[in-house]
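Q: give me coordinates for this.
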Amino acid sequence: MDDFGNLLYAEIDYIAEAANARRFSELYAQDVAIADVFVPKVYSELTSRKVLTMEWVDGFRLTDSASLEENNLDRKKLVDTLVQCSLRQIMENGFFHADPHAGNLLATKDGRLCYLDFGMMSYAAAKQRNGFLLAVVHIVNRDWSALVKVYQNLGFIPEGTDVQPIENALEDALPDVLNSDISELNFKNVVGKLGDIMYTYPFSLPPFYISIIRCLGVLEGLAIQVDPKSRIISKAYPYVANRVLTDDSQQELREALRRLIFTSDGSIRWSRLESLLDEAKDSSGFDVVPVLDRLIDYAISSEGEELLNEISDQIVKEADSLGRDTLIYFTQAAGALSIRDEKSAAKAMQSLAHALQNNKDETNQKDDGAEKESKMPTPIVSFLDSLREDLAETLPEPTASMKRTMKLGLLLGTRGASSLATTTSKGNAVSATASTISKFTPLVRKLSQEPRVRQKAGEIVARLSERMVSRGLRAAFSLPPPEFETAVVANGNKK
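A: Reported below is the predicted structural model:
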């Protein structure tokens, strides 16, 4: 009751609200932090405890679909800005708007998200914010024992409580976050299930946690009104993945990453790491270089011997598989594209003519104005895209190893590195690529200076050479392809 009373009286003190608005603007407004976030100016000389004077803002409620459509405002982008800004508030700085309902938000005509009413604010300390992140990680891992320990460290559960029934209740109540259908990840449903457990067992929830739960609940309700398919948990996961992968400043987050992508015996969960990278790339400011740097540090540490062995085995397996599959693929592709008769020749000419026509249309459209030109792909890109589409039905399906390699390149290169080159003009693609590559140079240097890595690299080359010679000899004598065993690590166990 005391906390509720303090919050109530703080909300009707306009001097306090003015201070909140200024601090919020300093932390989150577009010119200092988050793109497309706007905070009205406070006129301090015209403000007292009973009167708050702020800048006038013309805009529309996020739920005003007609006005949003009339002004060509992107509803999904507005929701994404709202969610990402709210996550930054709660997880990074801890100072957050605790009442983000439809009446406290506007969409401006230029597409910015405007926050209003700074009377109900809340704060979460670093330990509390990290605890919230760890709770998400443990729910993803379905590690209920670790989740209960987080709750105990945050003071939610009294010391000496028998926690086994709580762990069992969490196991039964919460869905598999990574594999569940999106409809099951409604924040209200998850909080409802957690709430039942917290009322059944001796939980004591502090004000900051209640404020966060209320904020996220209101946030998802508004997001669903604007975009019925929106789910706060699915939108938050890329941010959580980004923080866990790239923030090395705090022990709690290092432990979260370890638990998320490593098994108890030190092996890496490759599918989980791929999923995290895939999710994190959609979060603003994601940079893949710190992620790789942290993995390298772990691999060359005294604890990383098992990981080095596993990585070398994986490289040999994937490189061997990729080389074999690529050779087979190009052989099949050459056969598929070869002109064996009049029908094949006609189809090839038709595809080429279609691509050229699309290219011509694209060029004509580009001549219509400079503004259109800046938003449209170049003729050569359009030509290649069209040609690729026409050939898609002819070419064979890429193999699993080729798809994995292409996806890895996409995650580490085009998308993951997009944050590396912050500004790239049209004619500067080569320098942008060089800049991107230069970011990885220190990582390569770090690896090359580690004796164990050099030894493993020599073993990888030797094993791949052995496989290549074996495949070549067996193919020359029309023998079945060879089957290779996995490597034997230092303790004598096969991988």
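Q: check Gly195 and give its pLDDT.
A: Per-residue confidence (pLDDT) for Gly195: 84.
Q: for Thr81, same thing?
A: 88.
Q: in which helix or strand does it reside?
A: helix 75-88 (DSSP states H and E).
Q: which elements pack onto that helix?
A: helix 65-70, strand 113-115, helix 207-226, helix 232-246 (3 or more C-beta pairs under 8 Å, 6 or more residues apart in numbering; DSSP states H and E). Any C-beta I mention is one placed from the backbone N, CA and C, and that applies to glycine too.
Q: how about the ones you listed in a markdown table, adding mean pLDDT and distance to Asp143?
A: Shown next, in a markdown table, are the helices and strands packed on helix 75-88 (pLDDT from 0 to 100; distance: least, C-beta to C-beta, whole Å):
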| stretch | mean pLDDT | distance to Asp143 |
| --- | --- | --- |
| helix 65-70 | 91 | 42 |
| strand 113-115 | 95 | 36 |
| helix 207-226 | 84 | 20 |
| helix 232-246 | 72 | 14 |
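Q: I'd like to know which of these lies nearest to Ser438.
A: helix 232-246 (19.0 Å; C-beta to C-beta).
Q: can you show me the CA trace of the closest one as CSV?
A: Provided in CSV are the C-alpha atoms of helix 232-246 (Å, rounded to 0.1, in the frame of the first residue of the first chain):
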residue,chain,number,x,y,z
ILE,A,232,5.4,-9.3,-27.3
ILE,A,233,7.4,-12.4,-26.5
SER,A,234,8.2,-13.2,-30.1
LYS,A,235,9.2,-9.5,-30.7
ALA,A,236,11.3,-9.4,-27.5
TYR,A,237,13.3,-12.5,-28.2
PRO,A,238,15.6,-10.9,-30.9
TYR,A,239,16.5,-8.2,-28.4
VAL,A,240,17.1,-10.8,-25.6
ALA,A,241,19.3,-12.8,-28.0
ASN,A,242,21.2,-9.7,-29.0
ARG,A,243,21.9,-8.7,-25.4
VAL,A,244,22.9,-12.2,-24.3
LEU,A,245,25.2,-12.7,-27.4
THR,A,246,26.9,-9.3,-27.3
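Q: same question for it: list its buried residues.
A: 232-246 (16 or more other C-beta atoms under 10 Å).
Q: again, but for stretch 211-222
A: Ser211, Ile212, Arg214, Cys215, Leu216, Val218, Leu219, Glu220, Leu222.
Q: what's the closest of these to Val140?
A: Using C-beta to C-beta, the buried residues of stretch 211-222 come closest to Val140 at Leu216, 16.6 Å.
Q: report the separation between the closest one and Ile224.
A: As for Leu216, its distance to Ile224 is 12 Å (criterion: C-beta to C-beta, to the nearest Å).
Q: likewise for Phe38?
A: Distance from Phe38 to Ile224, by C-beta to C-beta: 23 Å.
Q: over to Asn130?
A: Asn130 is 28 Å from Ile224, by C-beta to C-beta.
Q: those two: which has the busier surroundings?
A: Neighbours were counted for Asn130 and for Ile224 using other C-beta atoms under 10 Å; Asn130 has more, 23 against 17.
Q: name the element that one belongs to?
A: Assigned by DSSP H and E, Asn130 falls in helix 126-141.
Q: and the next helix or strand past that helix?
A: Later in the chain than helix 126-141, the nearest helix or strand by DSSP H and E is helix 144-153.
Q: pLDDT on that next one, on average?
A: Computed over helix 144-153, the average pLDDT equals 89.
Q: residues in contact with that helix?
A: Contact partners of helix 144-153, identified using C-beta atoms under 8 Å, 6 or more residues apart in numbering, comprise 131, 134-135, 138-139, 157, 159, 161, 163, 166-168, 170-171, 203, 259.
Q: got the contact list for stretch 103-115?
A: Contacts of stretch 103-115 (C-beta under 8 Å, 6+ apart): 24, 30, 36-40, 57-62, 68, 71, 73-74, 77-78, 81-82, 85, 97, 100, 116-117, 222.
Q: buried ones among those?
A: Counted by 16+ other C-beta under 10 Å, those give 24, 36-40, 59-62, 68, 73, 78, 81-82, 85, 97, 100, 116-117, 222 as buried.
Q: roughly how far does the residue lying closest to Glu159 once chain neighbours are set aside sit from Ala146?
A: In this structure, Glu159 finds its nearest non-sequential neighbour in Gln152, 7.0 Å apart by C-beta to C-beta, 6 or more residues apart in numbering. Computed as C-beta to C-beta, the Gln152 to Ala146 distance reads 11 Å.
Q: the two: which is more packed in?
A: More crowded of Gln152 and Ala146, by other C-beta under 10 Å: Ala146, with 19 against 15.
Q: quick check: pLDDT value at Val51.
A: Val51 is given a pLDDT of 93.
Q: tell me the SS of it?
A: What DSSP: H, G, I helix; E, B strand; the rest coil gives for Val51 is coil.
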